[in-house]
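1. A predicted structure for the sequence below; I have some questions about it.
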Amino acid sequence: MIAQERDAKAATIAADFPILQTKTRRGRRLVYLDSAATSQKPQCVIDALVDYYSNYNANIHRSVYEIAERATEAFEGARARIARFLNAAEPAEIVFTRNTTESINLVSYAWGQTNLKAGDAILTTQLEHHSNLVPWQLLAEKTGAELRFIPVDARGLHVLDDLDALLDGTKLVALSHASNTLGTIAPLERIVPAAHAAGALVLVDGAQSAPNMPVDVRALDVDFFAASGHKMCGPTGIGILYGKRALLEAMPPFLFGGDMIRTVSYERTTFNEIPWKFEAGTSNVADAIAFAAAVDYLEGICMQWVRDHERALMRYAFSALAELEPLGMTIYGPQDPDRVVDVISFNLGDVHPHDVASILDAEGVCIRAGHHCTMPLMEKMGWPATARASFYIYNTERDVDALMAALRKTAAIFHLG
Ligand code: 7TS
């Protein structure tokens, strides 16, 4: 697809998102460049929520009346659609959680506390989001296991020279598929086979990959995969954990109570099958159904198109931002559209990124500034904070141009260059 056609398609996609038709309080067009934090929601996802609450709201897995059966069917149907989206072998391998963070914690408690002991190692990387670091730190403390790190170089690329040594004694490799700070895509094709050969399982934090590229959990051969609905056009409060059947079956439950049981007497309880064993209490029915609507919407667009569009937009943005180098623009990360997802971290001269973000906000341009929940990475790199723009299916070259104009204004205000 030629660049103009692709950009025109993104503009058509933007028309599906009500919020992108709104104006800021200052009357500016909303230029939303913070989709790595959370994506916007298309009308069909909002409609799925309203339809559920308006027409068939009922608790699931328990009642025979019509709307309860409809709700149960829609909820389990949502699971099946998300399983297909990730190419899981079966819907039972998809556990609904609140978000990526909860999915990782589930594995850390249910798998980690039963399978790890002193002398074992957990291997992660230096560019993880806190959600894929803190649970492993605590697990290591509790079990006596050692926490190791795959290093990243100054550009934020994984350094695999010592991979074999790092994998020696490792029982679990937990890493992000794509970094939320630098966009770096992990070389899973090298890491996963090496981990398996060393007898380790692999958990992939897919918070930034599932929204932005085709993901096939079976082709990747990962053991666990975590993602959040809200970053991929779905609602907040719903996420998934994919796990291979045998692993999920062998894991004890994480939370206990209703729905996750098979039989309960005063003395003892037997647990339900997967995936319900891990879904204690009333599920987030509405958001699961709307998450599936989001997945249908993305499939309608085609995930390869999403990846191609973002790659092209990143190429455009990298070269546009490079024009600001005389004004003190520093871009962090690999700066290679083939090796990153939709995220660009940068700083403009010595202007604090929060000031950059505030001036951009006045222009209607939404970006994030700060440490992006990757404090150890920022400290290692020696960056106190960065500004971060992230792109999605509804962003166009016009949005990059708006970012550029707002950055030039910022540079003028601070007399840069
Ligand atoms: N892992 C990665 C790689 C992430 O980018 C995020 C959220 C999470 C885990 C946690 O996801 P949650 O849905 O459980 O909160 N990242 C960001 C971000 O970059 N800005 O805001 C949230």
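-> That came through, no problem. This one's a predicted model, so the numbers in the text were calculated from it and none came from an experiment.
2. now for the residue nearest to residue 154 when sequence neighbours are not counted, how many residues are close by?
-> Excluding its sequence neighbours, the residue lying closest to residue 154 (CB to CB, 6 or more residues apart in numbering) is residue 381, at 7.5 Å. Yep, even glycine has a C-beta here, placed from its N, CA and C like the rest. Residue 381 is flanked by 20 other residues according to other CB atoms under 10 Å.
3. contacts only, for residue 381.
-> Contact analysis of residue 381 by CB atoms under 8 Å, 6 or more residues apart in numbering lists 154, 156, 332.
4. which element is the first one on?
-> Right, residue 154. Secondary structure from DSSP states H and E places residue 154 outside every helix and strand.
5. next, count neighbours for it.
-> Neighbours of residue 154 under the rule other CB under 10 Å: 9.
6. ok, now how distant is it from residue 389?
-> Distance, residue 154 to residue 389, by CB to CB, to the nearest Å: 21 Å.
7. and the last one, by the same measure?
-> Here the distance between residue 332 and residue 389 works out to 12 Å (CB to CB).
8. who's more crowded, the two?
-> Summary of the neighbour comparison: residue 332 and residue 389, criterion other CB under 10 Å, with residue 389 having more neighbours (27 against 22).
9. name the SS class of that one, please.
-> Under the three-state scheme (DSSP: H, G, I helix; E, B strand; the rest coil), residue 389 adopts strand.
10. that one touches residue 317, doesn't it?
-> Yes. The pair residue 389 and residue 317 qualifies as a contact (CB atoms under 8 Å) at a distance of 7.1 Å.
11. got any residues that touch both of these two?
-> In contact with both residue 389 and residue 317: 344, 403, using CB under 8 Å, 6+ apart.
12. about what we covered before: anything in contact with each of residue 332 and residue 389?
-> By CB under 8 Å, 6+ apart, the residues touching both residue 332 and residue 389 are residue 346.
13. follow-up on the earlier one: for the contacts of residue 381, which one is nearest the ligand?
-> residue 156 (13.1 Å; CB to the nearest ligand atom).
14. what's the burial count for the closest residue to that closest one other than its chain neighbours?
-> Nearest residue to residue 156, sequence neighbours excluded (CB to CB, 6+ apart): residue 182, at 3.8 Å. Taking other CB under 10 Å as the criterion, the count of residues near residue 182 is 28.
15. surely residue 182 forms part of a helix?
-> No. According to three-state DSSP, the state of residue 182 is coil, so it is not within a helix.
16. understood, closing this out.
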